[in-house]
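Participant: generate coordinates for the sequence data below:
(chains A and B)
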Protein chains: 2
Amino acid sequence: MKKSLGPATLAFPTPVWAVGSYDEDGRPNAMIAAWGGICCSQPPCLTVSVRPGRHTFAGIMLRKAFTVSVCPQSLAAEADFLGLVSGRKTDKFAATGLTPVRGEHVDAPYIDEFPLVVECALIHSYDLGAHTMMVGEIKDVKCDADKLLDDKHPDPARVLPLVYAPGVGTYHGLGPVVAKGFHAGKTFMK
Amino acid sequence: MKKSLGPATLAFPTPVWAVGSYDEDGRPNAMIAAWGGICCSQPPCLTVSVRPGRHTFAGIMLRKAFTVSVCPQSLAAEADFLGLVSGRKTDKFAATGLTPVRGEHVDAPYIDEFPLVVECALIHSYDLGAHTMMVGEIKDVKCDADKLLDDKHPDPARVLPLVYAPGVGTYHGLGPVVAKGFHAGKTFMK
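Facilitator: Residues are numbered from 1 along each chain as shown, chains lettered A, B, ... in the order given. Predicted structure coming up:
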C-alpha cells in the first residue's frame, strides 16, 4: 500500500559531489551538490544544479568550467561543510585543510584528497526555477592510482563514494555488490 | 597520485531508476536509467536521459509524462532485465512478473513492487548527443507505507535503493549511515 507524499525531491540515491570553480577573484571554491548526475554518454556529460545566488554560480558562468570531485566516505564532515557555508565569506579549503588543484583541461580546481575527479567544460545551462542545471562536457576523469581496478576503471570498493538520501538527509557508505549489470537480468530471458 | 582516464562517464554513485511510460499503443513499458538525478528543488524536478532510438523515447514524448520507480536491492535482476531488452519486442512486465500501475497524476505507469515512485510531467527535453535529457516536474511521490520514517520521509534503510557504479558496472546496496547532512560539517565552523 503506497502513501502519497506530494510533489517533493524524494528519490534515492543521489551523489555527493563537490563542485569546484574559481570565483570572480580567482580564488578556488567548492560547494556540495546532491542534485546532479551523468546525463549523456557521447559526448560524455554530467549535470549539476546550482542556485543562481550561490557564490559558485558566477564563477562557473564566467569561466565556463567546473569540476566534480567525488566525496569519499572518509571525508563526510568535510563534504558537509562545503554545503554549510558560502565561499563568499569563507575559504573552505583553509577551513577544512583540503587542497585545491588546478584542473589540467579546464579552468577550475578539483580537490586533491577526493579520490575520483571529473573535469568539465560548461556547454549548456538551463534555468529551471530555484536551480540552474549546468551541463558539463567531461574532458577528463582522474582517479587515485591505488583506487583503480585496472587501467580504465575506478574501483568503487576503494573509491568508497558517499551516497546521499534526500529528505531524511543522511550520508551513507556504498554497500556491497549485489549484482552485475548487463548480466543479472539474463535470468528472465527466454 | 592521480591517473588520467580520459573523457568518460565515470562518476559515482548513479541511481538505478526504472523509467515508466506508455508506448504509442498504450502498452506499459519501463527501462532502466542510471543517467539521471534530481535537478531542481522548486519546482521539484528530476532528469533522466534516454537515447532517441529507445522504445521509451517516443512514449514519453507523445504523452509528456513518465515515472521513476526506485529499484530496491531485492529486485536487482528484474531491474537489470529492464535494461537488457526492448519494450518494442518484449513485454517486460510479463517477463519479470512486475506489475504496472497507472499513475495517479500523469499518463504513465509505475512499478508496484518498487517501494518508492515518482510521477513526472515532462516539461523540457534537451538533445545532448547520444542521449536526450528529459526534465520531469515531480507531481507526486509515493512510498510503501511500511517503508516510511514518518508522514513525509521515506526511510532509506527500508527502501534499500540499488546504487550503480558505472565503468565496472556493478549494482550495490546502500551502506550504513556515516554522517548526518547539514550537521557533520559543523565541526569545521569557527
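Participant: and stretch A:159-178, what's its mean pLDDT?
Facilitator: The pLDDT scores in stretch A:159-178 average 98.
Participant: and it, end to end?
Facilitator: Counting by Cα to Cα, to the nearest Å, you get 17 Å between the two ends of stretch A:159-178.
Participant: touching chain B at all, that stretch?
Facilitator: Yes. Using Cβ under 8 Å from any Cβ of the partner chain, stretch A:159-178 reaches chain B at A:159, A:161-178. (C-beta placed from N, C-alpha, C; glycine too.)
Participant: and those residues, which are buried?
Facilitator: Taking 16 or more other Cβ atoms under 10 Å in any protein chain shown as the criterion, what is buried in these is A:159, A:161-168, A:170-175, A:178.
Participant: show me which pair in those residues is furthest apart.
Facilitator: A:159 and A:167 (25.1 Å; Cβ to Cβ).
Participant: please enumerate the helices of chain A.
Facilitator: For chain A, the helices defined by DSSP state H occupy A:55-63, A:76-84, A:92-96, A:156-159.
Participant: what ranges does chain A have for its strands?
Facilitator: A:2-6, A:14-15, A:17-22, A:28-33, A:36-40, A:45-50, A:65-70, A:100-102, A:109-111, A:116-127, A:132-144, A:163-165, A:170-180 (DSSP state E).
Participant: to residue B:4, which of those strands lies closest?
Facilitator: Nearest to residue B:4, of the strands of chain A and by Cβ to Cβ, is strand A:132-144 at 5.4 Å.
Participant: how far off centre is the closest one?
Facilitator: Computed by Cα atoms, centre = their mean, to the nearest Å, the chain-centroid distance of strand A:132-144 equals 9 Å.
Participant: residues of it that come out buried?
Facilitator: For strand A:132-144, burial by neighbour count (16+ other Cβ under 10 Å) applies to A:132-144.
Participant: what pairs with the residue nearest to residue A:87 when sequence neighbours are not counted across the strands?
Facilitator: Closest residue in space to residue A:87, ignoring its immediate chain neighbours: residue A:29 at 3.6 Å, by Cβ to Cβ, 6 or more residues apart in numbering or on different chains. For residue A:29, the beta-bridge assignment (DSSP bridges) gives partners residue A:21.
Participant: could you do residue A:117 as well?
Facilitator: residue A:69, residue A:142.
Participant: give the burial count for it, as a bare number.
Facilitator: By other Cβ atoms under 10 Å in any protein chain shown, 25 other residues sit near residue A:117.
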